[in-house]
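J.: Can you look at this prediction? I've put the sequence above it.
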Amino acid sequence: MLELRHLRTLTALQETGSLSLAAKRVHLTQSALSHQIKALQDYYQISLIQRQGHTIQLSDAGERLVLLAEKVIKEVQAAERDLARMAQRTSGNLRIALECHTCFDWLMPIMDTFRKHWPEVELDLVSGFHADPIKLLKREEADIVIGSENKPQRGIVHYPLFRFEILAVLAPGHELTKKRVLMAADFADTTLITYPVPEERIDLISKVLLPAGISCQRRTAELTVAILQLVASRRGIAALPNWGIKNYVDHDYVIARRIGANGLWSDLFISAREADASLTYLQDFVTTSRDQCFATLEEVIPLE
């Protein structure tokens, strides 16, 4: 009765604490996921989940199956990699272009894990900022793009990673830290410190400031740490992903505030050429990225 799909479902429930989010993670409807859990509980005559307010927690029996999942799923993935090697579909290149440069910190451990899985595959980063990184795929100057682009384009596929919140970043003692939430008008007459990318690719500008008719001065820096240093030195305000600034906020180097009543959210994808979508090692890179991001990054939300 127990199948690999059940183990993936229980793992998703443990990581998300939510039926709806877990269902998205394993590409099921919430109803189908609930039915799957009920069938397991009926078969083994034991509860696997417990409701705690609006969240879901696993019972002792559910935790036991997650321990099994941690071992089994890794073994299955290793076997699939071995089969791909036996079929001689393992050599190649993965050149990675980053649209979101705060991804760099969490990408490095993923690359290290991938190299252990696929020593035969050459892994490299495409340096620099790119106004249209998807064009790098079309020109075959990159094999993977990590960024926010997910518009349908011929010959391009997009794999969802996660949704994350973008927070305003302020110097300690800045007058705006008195507010718990910043609105568009709060950014008027300020200097916004960003990466050197077009304004349409900056969520705060395109989704918040422009619709409200707010403009502000802009200063750029290529490195995240440089942006944070400028903010801490009271040279301006930044807007960065929650997971990219956590360590700096925890050590009171900078202060973070929500943007808008419901927050400012953005989605992250892995994009590749459709012709490469069947490559086993490319699919494994996507799987490894998802697994490690949800295991190490806080407050990220699964995408469908």
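T.: Sure, I can see it.

J.: now for the one helix or strand L67 maps to, which elements pack on it?
T.: Assigned by DSSP states H and E, L67 falls within helix 60-86. Where contact means 3 or more Cβ pairs under 8 Å, 6 or more residues apart in numbering; DSSP states H and E, helix 60-86 is packed against helix 4-16, helix 280-296. Yep, even glycine has a C-beta here, placed from its N, CA and C like the rest.

J.: Any chance of those in JSON lines with distance to L240 and mean pLDDT as columns?
T.: JSON lines is the format used below for the helices and strands packed on helix 60-86 (distance: least, Cβ to Cβ, whole Å; pLDDT from 0 to 100):
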{"stretch": "helix 4-16", "distance to L240": "24", "mean pLDDT": "87"}
{"stretch": "helix 280-296", "distance to L240": "17", "mean pLDDT": "87"}
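
J.: Which among those helices is found nearest to P152?
T.: Nearest to P152 among the helices and strands packed on helix 60-86 is helix 280-296 (18.2 Å), distances taken as Cβ to Cβ.

J.: now what about that closest one, what contacts it?
T.: 15, 25, 77, 80-81, 84, 89-90, 92, 94, 106, 109-110, 113-114, 117-118, 121, 143-144, 146, 159, 161-162, 270, 272, 276-277, 300, 302 (Cβ atoms under 8 Å, 6 or more residues apart in numbering).

J.: Narrow these to those in helices?
T.: Among those, the members found in helices (DSSP state H) are 15, 25, 77, 80-81, 84, 106, 109-110, 113-114, 117.

J.: buried subset of the contacts of helix 280-296?
T.: Buried subset of the contacts of helix 280-296 (neighbour count, 16 or more other Cβ atoms under 10 Å): 15, 25, 81, 84, 90, 94, 110, 113-114, 117-118, 121, 143-144, 146, 159, 161-162, 270, 272, 276, 300, 302.

J.: any weak-confidence spans in the stretch 201-304 of the chain?
T.: 304 (pLDDT under 70).

J.: what's the neighbour count on P198?
T.: Counted with other Cβ atoms under 10 Å, residues neighbouring P198 total 11.

J.: Since that was my last question, I'll sign off now.
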